[in-house]
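Trainee: Quick one, structure for this:
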Amino acid sequence: MSTRNKDHAQEPAGAYATAVAPQRFIRIHQQGHPIRQIAIDEQQQYFFKDRETFEHGLSYDDIAPLISFLGYNQLELSQFLDVNPSTISRWKSQDSNLGSLRSKNIVEVDKIIAKGVRIFGSEIGFQEWLQTTNTALGDQKPWDLLKNPFDVEVVNNALEALSWGSYL
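Mentor: So this is what the prediction gives:
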């Protein structure tokens, strides 16, 4: 058994994260020893780092890397964007602009991806968390919740709690 520090209860050996306030850093620990520290508030977006990319609406080609990261098929993407699957096909073939409201929702998910990758330290670690049933999220997978714009904030809140050291 190892501990994070003298003030915390014993934790099993393995990787875990603790938050360091007020600087908003997170320390990644493995087997009780800090292995690195990252700033939580750095890099707001993961795929859309240039605000000009999404300011006037995203095209299908713009969102393709994010969709690939999430692993959404055409039906899941149509649920996520609240459109008919045939609209997705048309957008894809014509590289159409998705409009500002849908683009805003996609950018919000992109912010969650950026935060999740920072917290978990890798895309794979974050993707595993997204695919894991979470009791704090009503025994749902964060991946499923991201399909609904109203639940995106719930996933963000869970990540925020993790960044402060809560185990979710």
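
Trainee: Which stretches in the protein count as strands?
Mentor: Taking DSSP state E as the test, the strands found in the chain are 2-3, 10-11, 15-20, 25-30, 33-39.

Trainee: and residue 79, how many residues sit next to it?
Mentor: Residues contacting residue 79 under the criterion other C-beta atoms under 10 Å number 14. Just so you know, the C-beta spots here come from the backbone N, C-alpha and C atoms, and that holds for glycine as well.

Trainee: before we move on, what about residue 66?
Mentor: For residue 66, the neighbour count with other C-beta under 10 Å is 19.

Trainee: Run through the residues that contact it.
Mentor: 46-48, 106, 109-110, 113 (C-beta atoms under 8 Å, 6 or more residues apart in numbering).

Trainee: swap in residue 76?
Mentor: Neighbouring residues of residue 76 by C-beta under 8 Å, 6+ apart: residue 147.

Trainee: and it, what pLDDT?
Mentor: With respect to pLDDT, residue 76 scores 93.

Trainee: What of residue 43?
Mentor: On the pLDDT scale, residue 43 gets 54.

Trainee: same question, residue 13
Mentor: Reading off the model, residue 13 has pLDDT 44.

Trainee: Who are the packing partners of the top helix by length along the chain?
Mentor: Across the chain, the helix with the greatest residue count (assigned by DSSP state H) is helix 100-120. Under the contact criterion of 3 or more C-beta pairs under 8 Å, 6 or more residues apart in numbering; DSSP states H and E, helix 100-120 touches helix 51-55, helix 60-70, helix 74-81, helix 123-130, helix 152-163.
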